[in-house]
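[1] Attaching a predicted model along with its sequence, questions to come.
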Amino acid sequence: MEINELTPAERRVWEAYPRSESVDFRESPDEDVATGDGWGPERTVRAAVLKAILLGTPREDGEIAGLKVAGARISGDLNLMYAVIDSPIRLSHCFFHEAPNFYGSRLRQLNLSGSVLPALNFGSARIDGVLRMTDCLMRGPVRLGGTQIAGALFMDRATFTAPGTSEPVLQLNQAVIGDDLWAPGLRAQGEVRLNGAGITGSVNLVEAEFHHPGGTALDASTLNAGLDVLLRKVSVQGRVELRGARVAGRLDLSYTRLSNTGNTALRASSCTIGELWLRMGPAVDGMLNLRRSQIDVLFLEPEMLPRVVLLNSLTYTSLLPLGPAERRLPMLERDGDGYLPYSYEQLTAAYRRIGDDDAARKVQLAKQRRHRATLTWYARAWGHLQDATVGYGFRPLRAAVWLLSLLAVGSIAYGLHHPPPVKADEAPDFSPVFYTLDLLLPIIDFGQEHAFSPDGWYQGLSYVLIITGWVLASTIVAGVTRAVSRQ
């Protein structure tokens, strides 16, 4: 392309490139770039000119070339597929008439901040520096799948839409980012795909909005984040998919609104997470799936729990905030997988780790009661009896109260009416207290039970005391056995 074929606007860009000078066509810094389709020739640059500049403009000795344009209307197809460009590119606050194509290219740095684009293809490209799309308005799919970015990716306050297509509005699947993914305030009307991405630093999506009702709003399955994933104050309409993700630091969902009515709102199954924070927000509208995940610190406020949770094989070291057992037990009772002994053992271990043995006993008692519902009718009857008498061994004082009460009843009854001796000349002196103890305690023998034979309803009372004594002894032994096994 010859210089005499350029418009005055294009000539300015051509001459500024060798010295990396900026060309700003804007009338004011706060003008609305979305109206750029109406900008005239005085600020229009053809895509073919930009391509010729990047691929063929001679360099000046002692200068570092760079394309720096702001506020331009870029017409035509900017096709830089497989291009290798070693100078930085900044096309900020520009209006693109057609979608640029950087597929498979290798760039030093690209800055599209504040620009409006109909779409963007950056798949399998490589950037040696950073990629900036701050405040961009994307009106079609943005393809960054398989992209390698040595530095950070900035998409703060960017808006992604793709009306009329079922394709994800933002594809970052299998992308590799050597620093942070920085996108606070991002807005997405459709699916955002991050599955398989590897990010050395943090993922910052604070105050982002994801809107894809009935579908997957954010797919970050098998995501690998070297630091934190910040989803604080995020609003999601649709499903958040984190299956198999690895987050070395904190997955922060504080103050977040998750909504996918009637379906899974958050699936974080088979994950390995340092800390998961789900707190200070409204209750999750939809199902919460944490199956098979391994979490060091689970900060999960009971108020955020939905009606159905899935906790099968969930492992955590610490659970915060613990509080009374009564606040935590509903989490296990809402498990859509039914009765899971392991979930109760995990909660018990969390209470024992902080030395709250009373709460741990309450969890174990709740476990026995939940298990009872899965048994046959006669096993359930025996379970109810153990529960009423000694609380499955977790309420030993209750057994003492029963024994003392029965001892008092028997002692008073037989004290008022002594049973006749079996052999009058061989019988010891009658003691109503020890006679009652002989009936109640199946192992200890005070020599009273066999020496006297009650009659009438007193004989029936003796049968009741004997049977009750055996029941109490059996349940106490079962409780002691469980206590020993726990130790």
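    Cool, got the structure.
[2] Contacts only, for the residue nearest the centre of the chain.
    Here the mean C-alpha position of the chain is nearest to the C-alpha of residue 268 (CA atoms, centre = their mean), at a distance of 5.0 Å. Residues counted as contacts of residue 268 (CB atoms under 8 Å, 6 or more residues apart in numbering) are 242, 243, 245, 251, 276, 289, 290, 293. Heads up, the C-betas are built off the backbone N, CA and C, glycines and all.
[3] okay, now residue 188: neighbour count?
    Neighbourhood size, residue 188 [other CB atoms under 10 Å]: 28.
[4] bridging residues for it?
    Beta-bridge pairing for residue 188 (DSSP bridges): residue 160, residue 210.
[5] Likewise for residue 452?
    For residue 452, the beta-bridge assignment (DSSP bridges) gives partners residue 421.
[6] Retrieve the pLDDT associated with it.
    pLDDT for residue 452: 75.
[7] Contact partners for it?
    Residue 452 makes contact with 418, 419, 420, 421, 422, 427, 430, 435, according to CB under 8 Å, 6+ apart.
[8] hmm, back to that, most neighbours of all the contacts of residue 268, which one?
    residue 242 (29 neighbours).
[9] Now the residue nearest to the centre of the chain: closest residue in space, sequence neighbours ignored.
    In space, and not counting its chain neighbours, residue 268 is closest to residue 242: 4.3 Å by CB to CB, 6 or more residues apart in numbering.
[10] Do I have it right that the one you found meets residue 266?
    Yes: in this structure residue 242 lies within contact range of residue 266 using CB atoms under 8 Å: 7.3 Å.
[11] re earlier: which of the contacts of residue 452 has the largest number of neighbours?
    Counting neighbours by other CB under 10 Å, residue 435 comes out on top of these with 25 neighbours.
[12] and it, that's in a helix?
    Yes: according to DSSP: H, G, I helix; E, B strand; the rest coil, residue 435 belongs to a helix.
[13] could you list every residue that touches the residue of the chain most remote from its centre?
    Using CA atoms, centre = their mean, the residue of the chain lying farthest from its centre is residue 425. It sits 79.8 Å away. Going by CB under 8 Å, 6+ apart, residue 425 touches no other residue.
[14] Regarding it, what is its secondary structure?
    Residue 425 ends up coil, using three-state DSSP.
[15] quick one: it from residue 117, how far?
    114 Å (CB to CB, to the nearest Å).
[16] Residue 331: which element?
    Element membership of residue 331, judged by DSSP states H and E, is helix 325-333.
[17] So for that helix, what gets flagged as buried?
    Under the neighbour-count criterion of 16 or more other CB atoms under 10 Å, helix 325-333 has 325, 328, 329, 331, 332 buried.
[18] Does the second one touch residue 344 like I think?
    No: counting by CB under 8 Å, residue 344 is not a contact partner of residue 328; they are 10.3 Å apart.
[19] which neighbours do those two share?
    residue 363.
[20] related to what we said a few turns ago, what's the distance between the residue nearest to the centre of the chain and residue 310?
    The gap separating residue 268 from residue 310 is 10 Å, by CB to CB.
[21] Overlap of the contact sets of those two?
    Counting by CB under 8 Å, 6+ apart, the shared contacts of residue 268 and residue 310 are 289, 290.
[22] residue ranges for the strands of the stretch 251-400 of the chain, please.
    Applying DSSP state E, counting those that start in this stretch to the stretch 251-400 of the chain gives strands spanning 257-267, 272-278, 285-289, 294-300, 309-310, 315-320.
[23] okay, those in TSV with mean pLDDT and distance to residue 192 next?
    Listed next are the strands of the stretch 251-400 of the chain as TSV, based on pLDDT from 0 to 100; distance: least, CB to CB, whole Å:
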stretch	mean pLDDT	distance to residue 192
strand 257-267	93	15
strand 272-278	94	20
strand 285-289	92	18
strand 294-300	92	24
strand 309-310	90	24
strand 315-320	88	28
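[24] Out of the ones you listed, which is closest to residue 110?
    strand 272-278 (32.3 Å; CB to CB).
[25] how much does the closest one deviate in direction from strand 315-320?
    For strand 272-278 against strand 315-320, the angle by axes from the mean of the first three to the mean of the last three CA atoms, to 10 degrees is 30 degrees.
[26] who does strand 272-278 touch, helix- and strand-wise?
    For strand 272-278, the elements it packs on are strand 246-252, strand 294-300, judged by 3 or more CB pairs under 8 Å, 6 or more residues apart in numbering; DSSP states H and E.
[27] Identify whichever of the strands of the stretch 251-400 of the chain lies nearest to residue 151.
    Comparing the strands of the stretch 251-400 of the chain by CB to CB, strand 272-278 comes nearest, at 24.2 Å.
[28] So which bits of the closest one are buried?
    273, 274, 275, 276, 277, 278.
[29] between these, which is nearest residue 297?
    residue 275 (4.2 Å).
[30] partner residues bridging the closest one?
    For residue 275, the beta-bridge partners under DSSP bridges are residue 250, residue 297.
[31] dump the residue contacts of it.
    With contact set as CB under 8 Å, 6+ apart, residue 275 has these partners: 249, 250, 251, 252, 295, 296, 297, 298, 299.
[32] between these, which is closest to residue 407?
    Among the contacts of residue 275, and counting by CB to CB, the member closest to residue 407 is residue 298, at 47.5 Å.
[33] What separation is there between the closest residue to that closest one other than its chain neighbours and residue 256?
    The shortest distance from residue 298 to any non-neighbouring residue, by CB to CB, 6+ apart, is to residue 316 (4.2 Å). Distance, residue 316 to residue 256, by CB to CB: 19 Å.
[34] Could you check which of the two is surrounded by more residues?
    residue 256 (26 against 23).
[35] Need phi/psi at that one.
    Backbone geometry at residue 256, expressed as degrees, to the nearest 10, gives phi -90, psi 140.
[36] mind checking pLDDT for it?
    The confidence metric pLDDT takes the value 94 at residue 256.
[37] The closest residue to residue 433 other than its chain neighbours in helix, strand or coil?
    Spatial nearest neighbour of residue 433, excluding adjacent residues (CB to CB, 6+ apart): residue 411 at 4.8 Å. Following three-state DSSP, we place residue 411 in the helix state.
[38] The one 4 residues further on now?
    Using three-state DSSP, the secondary structure recorded for residue 415 is helix.
[39] Identify the residue nearest it in space, chain neighbours excluded?
    In space, residue 415 is closest to residue 432, 4.0 Å off (CB to CB, 6+ apart).
[40] next one: residue 438
    With sequence-adjacent residues excluded and distances taken as CB to CB, 6+ apart, residue 438 is closest to residue 449, at 3.9 Å.
[41] show me what contacts residue 456?
    Residue 456 neighbours (CB under 8 Å, 6+ apart): none.
[42] First residue to last residue on stretch 332-351, what's the distance there?
    15 Å (CA to CA, to the nearest Å).
[43] what is the mean pLDDT for it?
    Averaged over stretch 332-351, pLDDT sits at 83.
[44] From the rest of the structure, what touches it?
    The contact list for stretch 332-351, computed with CB under 8 Å, 6+ apart, reads 287, 291, 305-316, 318-319, 322, 325, 328-329, 357, 359-360, 363-364, 366-367, 370-371, 373-374.
[45] Can you tell me which of these are buried?
    Buried among these (16+ other CB under 10 Å): 287, 291, 305-306, 309-314, 316, 319, 322, 325, 328-329, 359-360, 363-364, 366-367, 370-371.
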